[in-house]
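Student: here is my input; please provide its structure:
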Amino acid sequence: MRGSLVSVCCPQKLTSACSTSMTDIPMLARPSAVRNILSGRQTQDRRPAWKAPVLLGNRTPPPGAKIIYQNIGSTPVPYFCRPTIWQEVRPGDRIWIRENFFTEGGPFGETFGYAADIPAEHGAPRLIPSIHMPRHLSRLTLVVTEVRRQRIRDISHDDILTEGIVEENSLVGVECFGEGTIDIWGLRCFFDGGDGDGYKSATEAFTALWNGLHGSRRGQSWADDPEVVATTFETHCCNIDQIPARVAARPRVGSQDDLITSGAAGTKSGTATTV
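Tutor: Below is the predicted model:
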């Protein structure tokens with residue numbers, strides 16, 4: 001996750017129900033998201049299916065956009081939303097992670113390191129933003145195994161835990177008992193970069209994580225309940241060009257109509273696009 005990972009190039013549009021050519025997608029990752037993926041805590045990621053709404057006015061909506069109406073006062077006003085790149089992702093596609101990094105000996109020197117590996121107590125070197133990471137320095141490749149469409153608030157408890165949320169039995173209070181005290185323990189949920197005291201539920205923690213990433217965008221907050229694309233992936237701790245041949249040879253499968261649409265009532269349509 002959610003990451004925490006947003007800027008990507010546009011892959012080629014899928015034109016058939018099954019294609020043998022996979023798509024390679026660069027994706028930006030915050031240090032906390034990289035640590036989640038490296039540790040195995042995160043194996044799913046959710047992204048908005050639609051970009052923020054734009055006032056339609058007298059314009060013609062671009063291809064693929066949807067029209068929505070939002071009230072201004074008591075008057076419904078038309079807006080259009082462009083599809084995000086995540087609607088094009090299919091099982092078999094490969095995501096190579098771009099993360100903040102540093103080098104020595106020039107902009108792309110012979111020695112380099114990653115911001116996610118720097119201990120918090122150490123001073124950070126001068127970092128190069130993730131958008132500038134070249135493909136050959138990437139160390140993480142995610143192979144997409146399943147793609148689903150759902151509303152963000154339809155996420156299950158189990159799926160929340162695959163987004164990097166951790167449940168722990170933690171000290172939540174102290175009560176006086178006679179001349180001494182008793183420690184009170186309870187379940188708390190945490191994520192890298194979240195409240196150090198934890199959250200009372202996994203949903204509360206994921207809500208904070210989601211809003212921290214997307215809440216400032218119009219129509220994308222947890223309260224707005226936007227439509228999202230949920231990807232499940234296998235993590236390969238290697239450069240995308242060093243990934244095992246058996247993985248690289250997997251076919252890209254599925255069409256737009258094959259996406260699993262999940263909601264409060266469970267899976268509702270189509271063939272599961274999994275590999």
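Student: could you use CA atoms for every contact and neighbour count after this?
Tutor: Fine.
Student: how about the helices in the protein?
Tutor: Along the chain, counting by DSSP state H, helices occupy 31-39, 157-161, 202-214, 245-248.
Student: of the ones you listed, which shows the lowest average pLDDT?
Tutor: Sorting the helices of the chain by mean pLDDT places helix 245-248 lowest, at a mean of 66.
Student: quick one: which of the helices of the chain is nearest L55?
Tutor: Closest of these to L55 is helix 202-214, at 19.7 Å (criterion: C-alpha to C-alpha).
Student: pull the residues that contact the closest one.
Tutor: Residues outside helix 202-214 that contact it (C-alpha atoms under 8 Å, 6 or more residues apart in numbering) are 2, 4, 157, 160-161, 165-167, 189-191, 194, 198-199, 220-222.
Student: in contact with the closest residue to R126 other than its chain neighbours, which residues?
Tutor: Nearest residue to R126 in three dimensions, chain neighbours excluded: F102, at 6.5 Å (C-alpha to C-alpha, 6 or more residues apart in numbering). Contact criterion C-alpha under 8 Å, 6+ apart gives 112-115, 125-128 as the residues in contact with F102.
Student: list only buried entries from those residues.
Tutor: Buried subset of those (neighbour count, 16 or more other C-alpha atoms under 10 Å): 114-115, 128.
Student: P61 contacts F80, correct?
Tutor: Yes - with contacts counted by C-alpha atoms under 8 Å, P61 reaches F80, the gap being 6.4 Å.
Student: quick check: neighbours shared by those two?
Tutor: Shared contacts of P61 and F80, defined by C-alpha under 8 Å, 6+ apart, comprise I67.
Student: more neighbours: which of these two?
Tutor: F80 (23 against 16; other C-alpha atoms under 10 Å).
Student: my read is that that one contacts V54, right?
Tutor: Yes - taking contacts as C-alpha under 8 Å, F80 lies within contact range of V54: 5.4 Å.
Student: what's the distance between P125 and A115?
Tutor: Here the criterion is C-alpha to C-alpha, to the nearest Å. By it, P125 lies 9 Å from A115.
Student: contacting residues for D24?
Tutor: 11, 93-96.
Student: can we see that at 7 Å?
Tutor: 93-95 (C-alpha atoms under 7 Å, 6 or more residues apart in numbering).
Student: T232 - nearest residue in space that isn't next to it in sequence?
Tutor: Nearest non-adjacent residue to T232, counting by C-alpha to C-alpha, 6+ apart: Q44, 4.4 Å away.
Student: mind checking how far that neighbour is from T162?
Tutor: When C-alpha to C-alpha is applied, the distance between Q44 and T162 equals 6 Å.
Student: for T43, same thing?
Tutor: 5 Å.
Student: okay, domains of the chain per the record?
Tutor: 18-49+84-267, 51-83 (automatic domain parsing).
Student: which one of those domains has the lowest average pLDDT?
Tutor: Among the domains of the chain, domain 18-49+84-267 scores lowest, at a mean of 86.
Student: next up, phi/psi of the nearest residue in space to S221 that is not next to it in sequence, please.
Tutor: Of all residues not flanking S221 in the chain, G215 sits nearest, at 4.0 Å (C-alpha to C-alpha, 6+ apart). In this entry, G215 is assigned phi and psi values of phi -60, psi -20 (degrees, to the nearest 10).
Student: quick one on the thing from earlier: so can I have TSV of the contacts of D24 showing neighbour count and distance to D24?
Tutor: Shown next, in TSV, are these (neighbours: other C-alpha atoms under 10 Å; distance: C-alpha to C-alpha, whole Å):
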residue	neighbour count	distance to D24
D93	24	6
R94	26	5
I95	22	6
